[in-house]
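S.K.: next input, structure requested:
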Amino acid sequence: MDMKQFIMAAAISLLSISTQAQNSGTITYEEIIKLDIELDGEMAQFAAMLPKEQKGEKQLYFSATESVYKNKEKSEEEQANTNVNGMQVMIKMDRPDEVLYKDLQAGKTYEQKEFMGRKFLITGDVKKYSWKMTGKQKEISGYPCQEAITAREKDTVIVWFTPAIPVATGPGSLGNLPGLILEASVGKQLTISAKEIAIGEVDKEQLSKPKGGKKITSEEYEKVVAEKTAEMQEQYGGNGQRVIIHKQIR
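M.R.: Next up is the predicted model:
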């Protein structure tokens with residue numbers, strides 16, 4: 001092998017190593033949820049006292065074949081109590097212990113959810129979104145990104161993804177694009193932004209499937225949430241003495 005061939009082989013090898021390195025890492029996102037809380041009757045006067053948004057941090061661990069999205073750390077529940085004229089308003093906002101594992105090769109998901117102190121384990125398929133590229137571009141933390149949009153139920157979903165990290169995943173269920181999603185907005189209620197990007201090998205323990213919780217289908221889980229929410233509204237919403245507002249970060 002002459003010197004020219006050696007230099008070319010070395011360059012190809014370095015390019016291969018660089019590409020592989022971009023296929024794994026950890027991203028810290030900030031989630032901001034806008035809270036639209038409506039109170040009726042005498043309780044309407046307290047609306048201005050309630051928080052307008054909730055912030056939280058989550059992390060995405062990813063490799064070329066799998067990813068895990070979960071809370072950065074378990075934070076203590078935030079709670080505020082107000083007692084005026086014999087009426088108590090208790091605002092509870094917590095970050096449930098939720099984990100979403102994606103098997104990008106098999107197209108399967110394993111999701112651990114927590115609701116009212118109970119844990120559930122839901123298996124399903126990686127969601128396929130019908131993205132439309134807008135042609136818009138911008139830079140996020142030094143990474144060139146492209147904009148894509150789609151619709152989810154009644155919301156418009158706008159994301160910015162980077163082909164420089166060629167892994168088809170992102171925060172939550174978002175993904176299915178030729179690059180990792182660094183920024184997203186879902187309607188006017190939820191925004192997600194990458195705050196820290198650390199490219200490099202990820203500990204295998206961080207990429208493990210969740211195992212805790214009662215095995216249940218997505219439809220069964222939604223039924224449990226609907227029934228328990230209705231019970232809470234009936235128990236606390238109609239006696240005129242106590243209102244509980246319980247908001248979870250998704």
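S.K.: residue boundaries of the helices in this structure?
M.R.: Assigned by DSSP state H, the helices in the chain fall at 3-21, 218-236.
S.K.: for these, which has the smallest mean pLDDT value?
M.R.: Among those, helix 3-21 has the lowest mean pLDDT, at a mean of 41.
S.K.: the residue nearest to residue 148 when sequence neighbours are not counted: neighbour count?
M.R.: Distances taken as C-beta to C-beta, 6 or more residues apart in numbering place residue 131 nearest to residue 148, at 4.2 Å, with adjacent residues excluded. (Each C-beta comes from the backbone N, C-alpha and C, glycine too.) When neighbours are defined as other C-beta atoms under 10 Å, residue 131 has 18 of them.
S.K.: phi and psi next, for residue 131.
M.R.: phi -80, psi 150 (degrees, to the nearest 10).
S.K.: now swap in the one 10 residues further on and tell me
M.R.: Backbone geometry at residue 141, expressed as degrees, to the nearest 10, gives phi 50, psi 40.
S.K.: list the residues that contact it.
M.R.: Neighbouring residues of residue 141 by C-beta atoms under 8 Å, 6 or more residues apart in numbering: 182, 194, 197.
S.K.: before we move on, what about residue 179?
M.R.: Contacts of residue 179 by C-beta under 8 Å, 6+ apart are 145-146, 161-168.
S.K.: who wins for neighbours among those?
M.R.: residue 161 (29 neighbours).
S.K.: contacts only, for the residue most central in space within the chain.
M.R.: Taking C-alpha atoms, centre = their mean, the centroid of the chain lies closest to residue 172, which sits 3.6 Å from it. By C-beta under 8 Å, 6+ apart, the contact list for residue 172 reads 69, 100, 184, 192, 250.
S.K.: from the residues you listed, list the buried ones, please.
M.R.: 69, 100, 184, 192 (16 or more other C-beta atoms under 10 Å).
S.K.: just the residues you listed now: which is nearest residue 31?
M.R.: Checking the buried ones among the contacts of residue 172 against residue 31 with C-beta to C-beta, the nearest one is residue 192 at 5.3 Å.
S.K.: now do that closest one, the pLDDT please.
M.R.: pLDDT, residue 192: 97.
S.K.: make a markdown table out of the contacts of residue 172 and add distance to residue 24.
M.R.: Shown next, in a markdown table, are these (distance: C-beta to C-beta, whole Å):
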| residue | distance to residue 24 |
| --- | --- |
| 69 | 15 |
| 100 | 18 |
| 184 | 21 |
| 192 | 20 |
| 250 | 25 |
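S.K.: return the closest of the contacts of residue 179 with respect to residue 202.
M.R.: Nearest to residue 202 among those, with distances taken as C-beta to C-beta, is residue 167, at 11.4 Å.
S.K.: surely the closest one meets residue 104?
M.R.: Yes: the pair residue 167 / residue 104 is scored as a contact, 7.4 Å apart, by C-beta atoms under 8 Å.
S.K.: who touches both of those two?
M.R.: Counting by C-beta under 8 Å, 6+ apart, the residues touching both residue 167 and residue 104 are 64, 67.
S.K.: from the contacts of residue 141, pick the one nearest residue 61.
M.R.: Nearest member of the contacts of residue 141 to residue 61, counting by C-beta to C-beta, is residue 197, at 12.3 Å.
S.K.: look at the nearest residue to residue 67 once chain neighbours are set aside and say how many residues are nearby.
M.R.: Nearest non-adjacent residue to residue 67, counting by C-beta to C-beta, 6+ apart: residue 169, 4.3 Å away. Look at residue 169: counted by other C-beta under 10 Å, it has 28 neighbours.
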